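Asker: sequence and predicted structure below; questions after.
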Number of protein chains: 2
Amino acid sequence: MASKHMENFFKPSSIAVIGASRKPNKIGYQLLRSIVEAGFEGDVYPINPKAEKIMELKAYPSILKVPGRIDLALIAVPASIVPKVLEECGEKGVKSVIVISGGFKEIGGEGVKLEEEVKKIARKHGMRLMGPNCIGVYDPYTKIDTLFLPREKALRPKKGGIAFISQSGALGVAFLDWLTMEDIGLSVFVSYGNKADVDEIDLMEYLMEDEKTKVITMYLEEISNGRRFMEMAMKVSEKKPIVAIKAGRTRAGARAVSSHTGSLAGREEIIEAAFKKAGIIRAYDTHELFDYARALATGRVAWGERIAIVTDGGGAGVMATDKLTDERRGVGLKLAKFKRKTEEELRKILPPFAITHNPVDLTGSATPEMYRQSLEIVAEDENVDGIVVIALIHPPGMNDKVVDAVEEIYVKTEKPILVAATGGTPTQKVLLEFQERGIPSYPEVERAVKAMKALVERGKYLSRKE
Amino acid sequence: MASKHMENFFKPSSIAVIGASRKPNKIGYQLLRSIVEAGFEGDVYPINPKAEKIMELKAYPSILKVPGRIDLALIAVPASIVPKVLEECGEKGVKSVIVISGGFKEIGGEGVKLEEEVKKIARKHGMRLMGPNCIGVYDPYTKIDTLFLPREKALRPKKGGIAFISQSGALGVAFLDWLTMEDIGLSVFVSYGNKADVDEIDLMEYLMEDEKTKVITMYLEEISNGRRFMEMAMKVSEKKPIVAIKAGRTRAGARAVSSHTGSLAGREEIIEAAFKKAGIIRAYDTHELFDYARALATGRVAWGERIAIVTDGGGAGVMATDKLTDERRGVGLKLAKFKRKTEEELRKILPPFAITHNPVDLTGSATPEMYRQSLEIVAEDENVDGIVVIALIHPPGMNDKVVDAVEEIYVKTEKPILVAATGGTPTQKVLLEFQERGIPSYPEVERAVKAMKALVERGKYLSRKE
């Protein structure tokens, strides 16, 4: 039953919006609008004591007056009224509730008490409660969208295989907006706020079984129950990779967490060790979370740390090599040492001035066909566990056909291939095209190299001796 | 005189293009086209023994047949013919020559000998020679453009205050293209290739006196003359900041450098110490070079390491704090401790649930006006040496007026202010608007924090005791 109630957050047949409003400057208006505009196909019941109709939908003065069954209730009324409407939800038999409203634990004092009260009511009725002080759920597959921000202000990503759960709502929205621009697909987004009930552990458990989710990404500020978190993360990691930002890792950062959510960030050394043990791949900077997730979402891992680089720019190849092999400022992997046969075969197909050892440099004479041929040779080398392809498109012989060329080898090999290219709009178009074909691509060589490291970590975790 | 000959690379009155071609697939065609399309206003002489006219310009069979004086000769003929045409340049009295052609030291063997020959000829005639195997110069002010890549394939940045000199041509072009998309302005770009004569030391010396250049950025693979390099860098650093990527910093990277240009990367520990002593700010990853340069181009520095953060997203504030204060994975600066007065004044103007200590969190209730007021207060705190502003534009009260708000305080204070915001297209527009107003802005909080570190380093260098 518990898991059915969790499922209702993502796959309800009917939704009540308590606090739905006719005034565009109200959250209750935006919330209803998001549900409607997302194209949700089930029943939607606006709850508002003063309205007959909102957005062409019949409104009800109370959830108790709604005739049908309600799978999911969204609450966006002032904090002080939340207990009352939550009681009504209980009476109505609603088992899944998202409390969007703020004004609880995060403001301290009275808010803390109010949150305790809300918790008690939910428990009494056997409800699962998400929030309070959260943004809720965006699911591009089932068209649930509880984000109370208009789509023109915060874009919604397309369908994909990455689940993203965020303790911070604002950061979550900023990331969603960014992902949309980068054309990265999501399986689901959840902002769970103060986690009075539903927390990251529940969400991991749910997403572990969610078939469309290939990778779980998380933005965490604190972990409430370390032992349970670990147990669940270890279970999940067996099935799918987890990538997480755990913020508040410095003393000053931990103090900032405490101001932000009133919770404790936890000791960094413990978290670092725990994440490692649980196979959680840690992201530190903003771009890393989804850079890693995109690589992991392909389902490929690197079964060793010997990486090949194929480039058409010598300088870019050197920078990638630095990042790859640097222990301190880079990822500390190994530049693969090719078998003699590999170099011989490359020598046959490449111009005489090209470099046939790793990093392979096709030089400014590069063509898509050279990429195809050399990748075919390099991918077959047993000493190579993964390939970073640097495809600068400026040389005269280069063009967007390089996408076909790389794809041809990509589908033939099981080894991970990540692509990088730096440049302006034409380059960005090529990177997007790679992305569309399911080949992760990055605007900087260092980002591709770091993502490869995530694939190596995943490979190590999966092949570890227990 | 020597410096006049250097100046001719950037401000010639007349240019000869030796090897100019009528065939679009030839470098000699693209080269001439770039010069013409850039709108160069001096005389242009295509040199081609078989053509009467190229692109509406009268062509000459040899440079010796050109009637007027020639300030700058560009050479794009096969390597084997370069000595001959270079002799003719000498005979004609040309003192500044860019040899675009490849096929010299970088291919080893015969190429090495050919390069020695070219060097000798240049020396004999008292010429300054740039290249061979280079892309040459792009100067948006004087409209010199020797990039043999069509503008639709490699975009050209607008005018600005950042000089960029690159040992790698391909990387240089990729960066230029990228800078254009990011709307970042350049004072000049130079790809100097094999540096048979003109090297990074000559270019630093020239750019030191170049008024439009506020910051010098460099991509280096090897430094030929360490002692002279250091002397010059120390001299330049007194006048303007230098930011440099020195690639080939790992053993594998150094080997890759050797394959790329046939030169030695040098020992990393020595380079690290030398750069520090010379005040060169080191960039490691691709984006860092211009992230730092943009901040430094404002002319502002941080005279201490106590940084304030003002945010409208708690999570983003925590991430920025982590990056700021982390010694190992961040920049190891200090979160400023505000004076009591600062917190009191913030308390007066901000909503009760806002956080008034550092990092200041305006919360999702943020408005541009709140940014204006709180920045005014924070900028006046003597305990603050620099400010990172995080301006997520998703909250309902936020919009692009935040640019005006920040600018109003920016022009009043001398302290550095760097802006960060993560998000989709609307966010990117706001970031560009900041950039247009001369306020450096970044798409990730970590990038703004790292750029602030560059300003702290610059401040430390300038205020060091000799």
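Answerer: Sure thing, it's come through.
Asker: who touches the longest strand seen in chain A?
Answerer: Longest strand in chain A by number of residues (criterion: DSSP state E): strand A:159-166. For strand A:159-166, contacts defined as CB atoms under 8 Å, 6 or more residues apart in numbering or on different chains pick out A:140-141, A:172, A:175-176, A:179, A:184-192, A:200, A:203-204, A:207, A:210, A:212-219, A:290, A:293-294, A:297, B:315. Quick note: C-beta positions are derived from backbone N, CA and C, even for glycine.
Asker: okay, helices next: where are they in the stretch 201-350 of chain A?
Answerer: Using DSSP state H, counting those that start in this stretch, the helices of the stretch 201-350 of chain A run over A:226-239, A:251-261, A:268-277, A:286-296, A:314-325, A:340-349.
Asker: pick the most deeply packed of those.
Answerer: helix A:314-325 (a mean of 30; mean count of other CB atoms under 10 Å in any protein chain shown).
Asker: picking up where we left off before, okay if I get the helices of the stretch 201-350 of chain A as a markdown table plus mean pLDDT?
Answerer: A markdown table is the format used below for the helices of the stretch 201-350 of chain A (pLDDT from 0 to 100):
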| stretch | mean pLDDT |
| --- | --- |
| helix A:226-239 | 95 |
| helix A:251-261 | 83 |
| helix A:268-277 | 90 |
| helix A:286-296 | 96 |
| helix A:314-325 | 96 |
| helix A:340-349 | 97 |
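Asker: name the helices or strands packed onto the lengthiest helix in chain A?
Answerer: The single longest helix within chain A, with elements called by DSSP state H, is helix A:445-462. With contacts defined as 3 or more CB pairs under 8 Å, 6 or more residues apart in numbering or on different chains; DSSP states H and E, the packing partners of helix A:445-462 are strand A:280-283, helix A:286-296, helix A:314-325, strand A:386-390, strand A:417-420, strand A:441-442.
Asker: show me what counts as buried in that helix.
Answerer: Residues of helix A:445-462 classed as buried by neighbour count (16 or more other CB atoms under 10 Å in any protein chain shown): A:445-459, A:461.
Asker: could you tell me the angle between it and helix B:286-296?
Answerer: Comparing the axes of helix A:445-462 and helix B:286-296 via axes from the mean of the first three to the mean of the last three CA atoms, to 10 degrees yields an angle of 130 degrees.
Asker: any idea of the angle helix A:445-462 forms with helix A:268-277?
Answerer: Our comparison of helix A:445-462 with helix A:268-277, counting by the same axes, to 10 degrees, yields an angle of 70 degrees.
Asker: so how far is helix A:445-462 off the chain centroid?
Answerer: Centroid separation for helix A:445-462 versus its chain: 16 Å, with CA atoms, centre = their mean, to the nearest Å.
Asker: likewise stretch A:35-49?
Answerer: 26 Å.
Asker: tell me the residues of the stretch 1-150 of chain A that contact chain B?
Answerer: A:25, A:106-107, A:149 (CB under 8 Å from any CB of the partner chain).
Asker: so which of the residues you listed is the most crowded?
Answerer: The most crowded member of the residues of the stretch 1-150 of chain A next to chain B is A:Leu149, carrying 24 neighbours; neighbours defined as other CB atoms under 10 Å in any protein chain shown.
Asker: check what pLDDT that one gets.
Answerer: On the pLDDT scale, A:Leu149 is placed at 88.
Asker: my guess is it meets A:Leu176, correct?
Answerer: No - if you go by CB atoms under 8 Å, A:Leu149 and A:Leu176 don't touch, sitting 9.3 Å apart.
Asker: just the buried residues of helix A:445-462 now: which is nearest chain B?
Answerer: Of all those, A:Glu446 has the smallest distance to chain B: 4.4 Å, by CB to the nearest CB.
Asker: in contact with the residue in the stretch 51-200 of chain A that chain B sits nearest to, which residues?
Answerer: In the stretch 51-200 of chain A, no residue comes nearer to chain B than A:Ser168, which is 2.9 Å away by CB to the nearest CB. Residues in contact with A:Ser168 (CB under 8 Å, 6+ apart) are A:191, A:219, A:221, A:260, B:313-316, B:318.
Asker: next, format those residues as JSON lines and append distance to A:Phe164.
Answerer: Formatted as JSON lines, the contacts of A:Ser168 follow (distance: CB to CB, whole Å):
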{"residue": "A:Ser191", "distance to A:Phe164": "9"}
{"residue": "A:Tyr219", "distance to A:Phe164": "8"}
{"residue": "A:Glu221", "distance to A:Phe164": "15"}
{"residue": "A:His260", "distance to A:Phe164": "19"}
{"residue": "B:Gly313", "distance to A:Phe164": "16"}
{"residue": "B:Gly314", "distance to A:Phe164": "18"}
{"residue": "B:Gly315", "distance to A:Phe164": "13"}
{"residue": "B:Ala316", "distance to A:Phe164": "15"}
{"residue": "B:Val318", "distance to A:Phe164": "17"}
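Asker: closest one to B:Arg33 out of those residues, please.
Answerer: Ranked by distance to B:Arg33 (CB to CB), the contacts of A:Ser168 are led by B:Ala316 at 45.9 Å.
Asker: nearest residue to that closest one in space, please, no chain neighbours.
Answerer: Leaving out its chain neighbours, the residue that sits closest to B:Ala316 by CB to CB, 6 or more residues apart in numbering or on different chains is B:Ile390, at 4.9 Å.
Asker: and that neighbour, bridged to which residues?
Answerer: Here B:Ile390 sits in beta bridges with B:Thr311, B:Ala420, going by DSSP bridges.
Asker: contacts only, for it.
Answerer: B:Ile390 sits next to B:309-313, B:316-317, B:320, B:419-421, B:445, B:448 when contact means CB under 8 Å, 6+ apart.
Asker: do A:Asp139 as well
Answerer: A:10-11, A:145, A:187-189.
Asker: again, 10 Å this time
Answerer: Contact analysis of A:Asp139 by CB atoms under 10 Å, 6 or more residues apart in numbering or on different chains lists A:9-11, A:38, A:40, A:145-146, A:159, A:163, A:186-190, A:210, A:212.
Asker: state the phi and psi torsions of it.
Answerer: Main-chain torsions, A:Asp139, degrees, to the nearest 10: phi -130, psi 100.
Asker: give me the pLDDT value at it.
Answerer: 97.
Asker: for PyMOL, write the selection for the buried entries among the contacts of A:Asp139.
Answerer: In PyMOL, this line selects whichever of the contacts of A:Asp139 come out buried by 16+ other CB under 10 Å:
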select buried, chain A and resi 9+10+38+40+145+146+163+186+187+188+189+190+210+212
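Asker: for the contacts of A:Asp139, which one is nearest A:Ser96?
Answerer: When those are compared against A:Ser96 (criterion: CB to CB), the nearest one is A:Phe9, at 5.6 Å.
Asker: once you drop chain neighbours, what's closest to whatever residue of the stretch 201-350 of chain A ends up closest to chain B?
Answerer: Among all residues of the stretch 201-350 of chain A, A:Gly315 sits closest to chain B, at 2.9 Å; criterion: CB to the nearest CB. Using CB to CB, 6+ apart and skipping residues adjacent in sequence, the residue nearest A:Gly315 is B:Ser168, 2.9 Å away.
Asker: before we move on, the earlier item: between strand A:386-390 and the longest helix of chain A, find me the angle.
Answerer: Counting by the same axes, to 10 degrees, helix A:445-462 lies at 170 degrees to strand A:386-390.
Asker: can I get the CA coordinates of helix A:445-462 in PDB?
Answerer: This file holds the C-alpha atoms of helix A:445-462, laid out as PDB (Å, rounded to 0.1, in the frame of the first residue of the first chain):
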ATOM      1  CA  VAL A 445      37.400  18.500 -23.200                       C
ATOM      2  CA  GLU A 446      37.800  18.500 -19.400                       C
ATOM      3  CA  ARG A 447      34.100  17.900 -18.900                       C
ATOM      4  CA  ALA A 448      34.200  14.800 -21.100                       C
ATOM      5  CA  VAL A 449      37.200  13.500 -19.300                       C
ATOM      6  CA  LYS A 450      35.500  14.000 -15.900                       C
ATOM      7  CA  ALA A 451      32.400  12.200 -17.100                       C
ATOM      8  CA  MET A 452      34.600   9.400 -18.300                       C
ATOM      9  CA  LYS A 453      35.900   9.200 -14.700                       C
ATOM     10  CA  ALA A 454      32.300   8.700 -13.500                       C
ATOM     11  CA  LEU A 455      32.000   5.700 -15.900                       C
ATOM     12  CA  VAL A 456      35.200   4.300 -14.500                       C
ATOM     13  CA  GLU A 457      34.000   4.700 -11.000                       C
ATOM     14  CA  ARG A 458      30.700   3.000 -11.900                       C
ATOM     15  CA  GLY A 459      32.700   0.100 -13.500                       C
ATOM     16  CA  LYS A 460      34.800  -0.300 -10.400                       C
ATOM     17  CA  TYR A 461      31.800  -0.300  -8.200                       C
ATOM     18  CA  LEU A 462      30.000  -3.000 -10.200                       C
END
